[in-house]
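Participant: kindly return the folded structure for what I paste below:
(one chain, ligands or ions: 1)
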Amino acid sequence: MSGDITQSQEWAALGKHHEELAGSHLRELFAQDPGRATRMTVTAGDLYLDYAKHRATQETIDLLTALAERAGLRERIAAMFGGEHINVSEDRAVLHVALRMPREAELVVDGQDVVADVHAVLDKMSAFSDKVRSKEWKGATGKPIETVVNIGIGGSDLGPAMAYEALRDYADAGITARFVSNIDPADITGNLAGLDPATTLVVVSSKTFTTLETLTNAKVARRWLVDALGEDAVSKHFVAVSTNAPKVQEFGIDTDNMFGFWDWVGGRYSYDGAIGLSLMIAIGPERFREMLAGFHTMDEHLRTAPFEANMPVLMALLGVWYNDFFGAETRAVLPYSQRLHRFPAYLQQLTMESNGKSVRADGTPVTVSTGEIFWGEPGTNGQHAFYQLLHQGTRLVPADFIGFAEPHEDREGMHDLLIANLLAQTTALAFGKTAEEIAAEGTAAEIVPHKVMPGNRPTSTILAPKLTPSTLGQLVALYEHIVFVEGTIWGVDSFDQWGVELGKKMALDLAPALTSDEPPTTFPDTSTEELIRKYRELRGR
Ligand code: F6P
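Facilitator: Numbering: from 1, shown residues only. Now for the predicted structure:
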C-alpha cells in the first residue's frame, strides 16, 4: 500500500484488539490456551522459533498478517527478488538475496545476469583465499600470511567482524583476522601491535572507497608496511574490496587485487559478498559457501512460506505490534552464545540504519514510530548487568533469546547451565512471581513489593542445533528480512542512509579549526566554537 498504513481498517482493527488484549497477562493466555505452546512455533531451515510467550493470540496473528497483506508485502517480496528499484531515493535494486543464490540460478536485472556476476566474484575470492590459506601466496619477503587485517567501517566491518567471531571454531588454516574501523588512532595502533608486516595481509574494505575512517586507517597501515618492507611490498600485502575501481587504483592497489560488488548491495547487507573476504580467508571458501547456503534457505523461506508460518514475517509483525501499539521503544537481542558477542552490534547497524526513517518512500512524513532500537549482550553476562530493568523496570522491552543445542566445546556441563539460564529467564519474564507467592514464602510484608516480579514481558526464543556457518547465515538473513518486512509495513525506504551524511561533511569542515585559527566555514554556532576553543586549550594549541 502506498500512503498511510495507519489509516487502513487493518490498523484500526489492531488498535481495537490491542485495547482488548493489553490488560491480559501471559499467565491468563497460557491458562486459557495451553496448546499455544505447540501451536505458536515455526521452523525455518534449522531455526526453531517459539513465539508463544508473546502478548498475542491467534486473533493477533490473523490481524497482523492481514496488515501485511494490506501493506503489499507479497508484492514487495516479489519486487525485491525481481530486482525492481525498491531503493527509491537512490533509484537502485536491492539484491543482497542474489549474493547467495546458487550458481545455476539466473536473475537478469537492468540487462545484466547478476547471479553470474556474483559467482565470478565468489570464484575469484575463493581462488585467492585458497592461495593464502595454502601458503602459496607469499608476502614480499617470501613468508606466508599469518594475519589478515580488515580495514573498513560500518557494513564494511561489522559483518565480517561479527561472523569471524561467531565462526572462529572453523578458522582452521592458522590464519587469524583482526578488524580496524575507528578513526580513533587507538584502534589501528592496538591492532597492528605485535604484527609482523612480512606476514600480514591488509584488506581495505569500502564500498565507496571514499570513507574518511577507512582511507585514513589504510594510509597508516600502508606507511607501517612500506617503512618495514618498502614500496614494492604493497602489491603482496594490500588488497581491496570495493565498487569503486578508480579510487582503489588511486590509492595504489592494483585492481587485479580488487574484489568487486555492486551498487545494488547495501553496505550493511554486504558481508556475504566480497566484504566477507577476510572471513573467507579465515574459514575457507567451502565453509563460506555453507554460510551462503544458510542465507539462501532463509531467503527461500521468506519468499515461499505463508505469512502465518513465515519466521521473519511473524517476528517483524510482532516487532510492529510492540513498537506501535504497546509503545515499546526497544528490542533486546540476547544470544546465549559467547561466540555471538558482536551480533547485537551488527544488528544495530542493520536495523537502525535501515529503518531509522521519518519519511515514507514517497517523501511524506510517517505517522507512527519506526525503527526499533536494537541492543543486547550475550547471556548470561547480561543477566548480571541490565536484566533487572527487563524484569522489574517500568519499560516494556520485548526480547529475542537465541540458543544452540550443541556447543563447540563443553566443560563440566556448562552448556546445559547456559541453556537452563536462557529458559529460566524467558519463563521468569513471562510469568513472574506474584505478591501472594512471595508472601507465602515467609517474606516480610514491607519487602514483598520489592520482590514482586510482574511478568507479562514478551520474548521470542530461537533455537538452532549448533552455531555453524549455515545456521549463522540463516540467522543473519532472518534479521535482514525482519528489517525488510518492518520497513514495508511502515512504508519507508529501508535501503538508503542519508541521515549519516551531514555529520560526515561537518567533520571535514570542522577539522581545520582544531589546528588553526581559521574558524569553520559552515555551521559556526557559539557552543561548537566554544568547544573548539576548549579543545585547543586542552591540547595546548
Ligand atoms: O556512514 C554510513 C555508511 O555509509 C554505511 O552505510 C556503510 O556501511 C559505511 O558507511 C561504510 O561505507 P563504505 O563501505 O563505503 O566505506
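Participant: got the contact list for whatever residue of the stretch 401-541 of the chain ends up closest to the ligand?
Facilitator: The minimum distance from the stretch 401-541 of the chain to the ligand, using Cβ to the nearest ligand atom, falls at V500 (3.9 Å). Any C-beta I mention is one placed from the backbone N, CA and C, and that applies to glycine too. Each residue near V500 by Cβ atoms under 8 Å, 6 or more residues apart in numbering is listed here: E353.
Participant: can you confirm it is in a helix?
Facilitator: Yes - checked against DSSP: H, G, I helix; E, B strand; the rest coil, V500 lies within a helix.
Participant: gap between it and E104?
Facilitator: As for V500, its distance to E104 is 38 Å (criterion: Cβ to Cβ, to the nearest Å).
Participant: what's the local residue count around S358?
Facilitator: By the measure other Cβ atoms under 10 Å, the count of residues near S358 is 12.
Participant: give me the pLDDT value at it.
Facilitator: The model reports S358 with a pLDDT of 97.
Participant: quick check, it in contact with V368.
Facilitator: No - the criterion here is Cβ atoms under 8 Å, and S358 misses it with V368 at 10.3 Å.
Participant: V202 falls within a strand, correct?
Facilitator: Yes - using three-state DSSP, the assignment for V202 is a strand.
Participant: who does it bridge with?
Facilitator: Judged by DSSP bridges, the bridge partners of V202 are V149, F238.
Participant: which residues sit in contact with it?
Facilitator: Contacts of V202 by Cβ under 8 Å, 6+ apart are V148, V149, I151, A218, A221, R222, L225, H237, F238, V239.
Participant: what about the first one, distance to the ligand?
Facilitator: It stands for V148. 17 Å (Cβ to the nearest ligand atom, to the nearest Å).
Participant: can you count the residues close to that residue?
Facilitator: For V148, the number of neighbouring residues by other Cβ under 10 Å comes to 25.
Participant: next, the contact list for it, please.
Facilitator: Counted by Cβ under 8 Å, 6+ apart, V148 has contacts V132, I175, T176, A177, R178, T200, L201, V202, V203, S278, I281, A282.
Participant: once you drop chain neighbours, what's closest to the residue most central in space within the chain?
Facilitator: Geometric centre of the chain, nearest residue: L347, 2.6 Å, by Cα atoms, centre = their mean. When the adjacent residues along the chain are set aside, L347 lies closest to F374, with 4.8 Å between them (Cβ to Cβ, 6 or more residues apart in numbering).
Participant: distance between the helix or strand encompassing A161 and the chain's centre?
Facilitator: Assessed by DSSP states H and E, A161 sits inside helix 158-166. Chain-centre distance of helix 158-166: 10 Å, with Cα atoms, centre = their mean, to the nearest Å.
Participant: what's that helix packed up against?
Facilitator: strand 176-180, helix 277-283, helix 343-347, helix 469-490 (3 or more Cβ pairs under 8 Å, 6 or more residues apart in numbering; DSSP states H and E).
Participant: quick check: angle from that helix to strand 176-180?
Facilitator: Orientation check (axes from the mean of the first three to the mean of the last three Cα atoms, to 10 degrees): helix 158-166 against strand 176-180 gives 150 degrees.
Participant: ok, helix 158-166 near the ligand or not?
Facilitator: No - for helix 158-166, no contact with the ligand is found by Cβ under 6 Å from any ligand atom; the gap never falls below 7.9 Å.
Participant: now that helix and helix 469-490, what's the angle there?
Facilitator: Relative orientation of helix 158-166 versus helix 469-490 (the same axes, to 10 degrees): 140 degrees.
Participant: whichever residue of the stretch 251-400 of the chain sits closest to the ligand: neighbour count?
Facilitator: Here the stretch 251-400 of the chain gets closest to the ligand at one residue, G267, 2.6 Å apart by Cβ to the nearest ligand atom. A count of nearby residues for G267, using other Cβ under 10 Å, gives 25.
Participant: can you give me the distance of it to R331?
Facilitator: Remark: distance between G267 and R331 (Cβ to Cβ) = 22 Å.
Participant: and F374, what element?
Facilitator: strand 373-375.
Participant: strands paired with that strand, and their directions?
Facilitator: For strand 373-375, pairing defined by DSSP bridges yields strand 330-335 (parallel).
Participant: output the contacting helices and strands for the helix or strand of the chain with the lowest mean pLDDT.
Facilitator: One helix or strand of the chain scores below all others by mean pLDDT, DSSP states H and E: helix 501-510, with a mean of 88. Secondary-structure packing of helix 501-510 (3+ Cβ pairs under 8 Å, 6+ apart): helix 212-229.
Participant: tell me the phi and psi of E529?
Facilitator: Dihedral pair for E529: phi -60, psi -40, per degrees, to the nearest 10.
Participant: same question for the one 4 residues further on.
Facilitator: Reported as degrees, to the nearest 10, the phi and psi values for R533 are phi -60, psi -50.
Participant: now do the buried residues in stretch 503-511.
Facilitator: L510 (16 or more other Cβ atoms under 10 Å).
Participant: so is it next to the ligand?
Facilitator: No - judged by Cβ under 6 Å from any ligand atom, stretch 503-511 stays clear of the ligand, getting no closer than 6.5 Å.
Participant: what residues does the stretch 201-350 of the chain have near the ligand?
Facilitator: So the stretch 201-350 of the chain meets the ligand at S206, K207, T208, T211, T214, G267, R268 (Cβ under 6 Å from any ligand atom).
Participant: possible to save the residues you listed as JSON lines with pLDDT and secondary structure?
Facilitator: Below are those laid out as JSON lines (pLDDT from 0 to 100; DSSP: H, G, I helix; E, B strand; the rest coil):
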{"residue": "S206", "pLDDT": "96", "secondary structure": "coil"}
{"residue": "K207", "pLDDT": "94", "secondary structure": "coil"}
{"residue": "T208", "pLDDT": "94", "secondary structure": "coil"}
{"residue": "T211", "pLDDT": "95", "secondary structure": "coil"}
{"residue": "T214", "pLDDT": "97", "secondary structure": "helix"}
{"residue": "G267", "pLDDT": "97", "secondary structure": "helix"}
{"residue": "R268", "pLDDT": "97", "secondary structure": "helix"}
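Participant: quickly name whichever of the contacts of V148 is closest to the ligand.
Facilitator: Nearest to the ligand among those, counting by Cβ to the nearest ligand atom, is V203 at 12.3 Å.
Participant: need the residues of the stretch 351-500 of the chain near the ligand, please.
Facilitator: Where the stretch 351-500 of the chain comes near the ligand, counting by Cβ under 6 Å from any ligand atom, the residues are E353, Q497, V500.
Participant: my guess is the second one meets N355, correct?
Facilitator: No - the pair formed by Q497 and N355 falls short of the contact definition of Cβ under 8 Å, at 10.7 Å.
Participant: now do the helices in the stretch 251-400 of the chain.
Facilitator: Using DSSP state H, counting those that start in this stretch, the helices of the stretch 251-400 of the chain run over 277-283, 285-304, 311-320, 343-347, 354-355, 387-392.
Participant: redo those as JSON lines? Include mean pLDDT.
Facilitator: Formatted as JSON lines, the helices of the stretch 251-400 of the chain follow (pLDDT from 0 to 100):
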{"stretch": "helix 277-283", "mean pLDDT": "98"}
{"stretch": "helix 285-304", "mean pLDDT": "98"}
{"stretch": "helix 311-320", "mean pLDDT": "98"}
{"stretch": "helix 343-347", "mean pLDDT": "98"}
{"stretch": "helix 354-355", "mean pLDDT": "97"}
{"stretch": "helix 387-392", "mean pLDDT": "98"}
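Participant: which residues are in contact with stretch 300-311?
Facilitator: Contacts to stretch 300-311, defined as Cβ under 8 Å, 6+ apart, come from residues 42-45, 47, 49, 61-62, 65, 68-69, 73, 77, 81, 298, 312-314, 477-478, 481.
Participant: need the distance between the two termini of that stretch.
Facilitator: End-to-end distance for stretch 300-311: 11 Å, by Cα to Cα, to the nearest Å.
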